[in-house]
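Colleague: Below are the sequence and a predicted model for it; my questions follow.
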Amino acid sequence: MSNLLEVKGVTKRFGGVIANKDVTFSVETGNITGLIGPNGAGKSTMFNMVSAVFPPTEGEIWFQGKRIDQLPSYKVAPLGISRTFQNLQVFKTMTVLENVMVGLHTKTKSGIVAAALKTKKMRQEEEDMYENALQWIDFVGLSDVVATEASNLPLGKLRLLELARALATSPSLLLLDEIAAGLNNQETLEMANLIKAIRDKGISIFVVEHDMDLVMTICDKIIVLDQGEKIAEGTPKEVQSNERVVEAYLGASEDEEVIS
Ligand SMILES: Nc1ncnc2c1ncn2[C@@H]1O[C@H](COP(=O)(O)OP(=O)(O)OP(=O)(O)O)[C@@H](O)[C@H]1O
């Protein structure tokens with residue numbers, strides 16, 4: 001199986017704080033890979049580097065065989081990688097369809113050209129984007145609320161909307177940042193099935209998740225961070241029985257999740 005994403009010796013410092021320390025791992029094509037660790041372990045920082053929010057202080061990030069962290073285009077999320085956010089980033093006064101379309105317009109010139117000036121090619125491009133958006137809205141199960149304003153949707157559906165918007169950009173790698181946060185058991189189960197269905201469509205997935213049941217159910221491979229360092233990597237079974245992992249979680253304060 002080929003490596004889609006390679007993180008090589010990555011360190012991130014914020015002033016005196018070392019959020020990630022010499023971390024190396026890969027995400028293989030066609031897999032669901034999990035990134036877990038106690039609070040403050042450096043998971044979000046790693047996600048932010050992979051999605052080009054900020055560069056590593058040291059080390060390299062490679063995607064599809066190219067080093068991306070030094071490219072000028074790295075300032076926006078590298079083409080081919082899209083993500084969802086722990087704190088929802090939907091536009092509350094827009095409908096479901098508008099929310100999905102707005103992410104696509106930033107990728108084309110036609111979105112900023114007055115309607116009368118649009119060429120046939122631009123109109124075709126818009127038609128294709130529209131069809132694509134509707135297809136992903138249907139895929140995540142939001143067809144019945146396609147024209148509903150996001151402000152009228154419950155959290156479970158807003159998380160699905162973020163997923164549809166990320167998918168509509170046709171990523172090769174999808175980053176899911178705590179996609180199940182705040183969902184009830186039934187919604188989490190449905191989300192797990194959806195994530196596996198996305199993987200089965202050939203999109204590789206990298207998840208940060210506190211819900212251990214979800215991680216252990218869906219992931220092919222799990223990377224464990226603790227205090228910025230990678231302490232383990234393996235299948236869910238291998239990671240669950242790893243002494244350093246158990247210790248890292250049991251050492252966490254009481255209000256944090258303990259691996260089960
Ligand atoms: N912008 C920043 N400036 C300064 N320190 C930061 C910044 N972002 C993260 N940190 C620090 O880096 C460390 C790792 O934080 P990070 O948010 O990556 O951990 P995490 O594993 O995602 O935690 P959680 O599970 O609580 O979301 C923490 O000590 C945090 O305080």
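Modeller: Perfect, I can see it now.

Colleague: What ranges in the chain fall below the confidence cut-off?
Modeller: When residues are selected by pLDDT under 70, those of the chain lie in 1, 103, 105-118, 250-260.

Colleague: Longest helix in it, please.
Modeller: helix 120-139 (DSSP state H).

Colleague: Mind listing what's buried along the next helix or strand along the chain from that helix?
Modeller: Sequence order places helix 155-168 as the next helix or strand after helix 120-139, per DSSP states H and E. Neighbour-count burial for helix 155-168 flags 156-168 (criterion: 16 or more other Cβ atoms under 10 Å). The way it works is simple: take the backbone N, C-alpha and C, and place the C-beta from them, glycine included.

Colleague: Please state the offset of helix 155-168 from the chain centre?
Modeller: 11 Å (Cα atoms, centre = their mean, to the nearest Å).

Colleague: partners of the helix or strand just after that helix, with directions?
Modeller: Note on helix 155-168: by DSSP H and E, the next helix or strand toward the C-terminus is strand 173-177. Using DSSP bridges, strand 173-177 pairs in its sheet with strand 81-83 (parallel), strand 204-208 (parallel).

Colleague: of all those, which lies closest to Gly182?
Modeller: strand 204-208 (14.8 Å; Cβ to Cβ).

Colleague: who's in contact with the closest residue to Glu178 other than its chain neighbours?
Modeller: Spatial nearest neighbour of Glu178, excluding adjacent residues (Cβ to Cβ, 6 or more residues apart in numbering): Gln86 at 4.4 Å. Listed by Cβ atoms under 8 Å, 6 or more residues apart in numbering, the contact partners of Gln86 are 44, 177-178, 181, 208.

Colleague: Tell me the residue of the stretch 51-200 of the chain that sits nearest the ligand?
Modeller: For the stretch 51-200 of the chain, the residue closest to the ligand is Gln86, as judged by Cβ to the nearest ligand atom, at 7.2 Å.

Colleague: Now that residue, what are its backbone angles?
Modeller: Main-chain torsions, Gln86, degrees, to the nearest 10: phi -60, psi -50.

Colleague: Ok, Thr24 next?
Modeller: Backbone geometry at Thr24, expressed as degrees, to the nearest 10, gives phi -130, psi 130.

Colleague: how about JSON lines for the strands paired with strand 173-177, with mean neighbour count and distance to the ligand added?
Modeller: JSON lines is the format used below for those (neighbours: other Cβ atoms under 10 Å; distance: least, Cβ to the nearest ligand atom, whole Å):
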{"stretch": "strand 81-83", "mean neighbour count": "23", "distance to the ligand": "14"}
{"stretch": "strand 204-208", "mean neighbour count": "24", "distance to the ligand": "7"}
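
Colleague: how about JSON lines for those, with distance to Ser241 added?
Modeller: JSON lines is the format used below for those (distance: least, Cβ to Cβ, whole Å):
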{"stretch": "strand 81-83", "distance to Ser241": "30"}
{"stretch": "strand 204-208", "distance to Ser241": "21"}
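
Colleague: mind listing what's buried in the one helix or strand Ile223 maps to?
Modeller: Secondary structure from DSSP H and E places Ile223 in strand 221-226. Of the residues in strand 221-226, 221-226 count as buried by neighbour count, 16+ other Cβ under 10 Å.

Colleague: I'm done for today, thanks for sticking with me.
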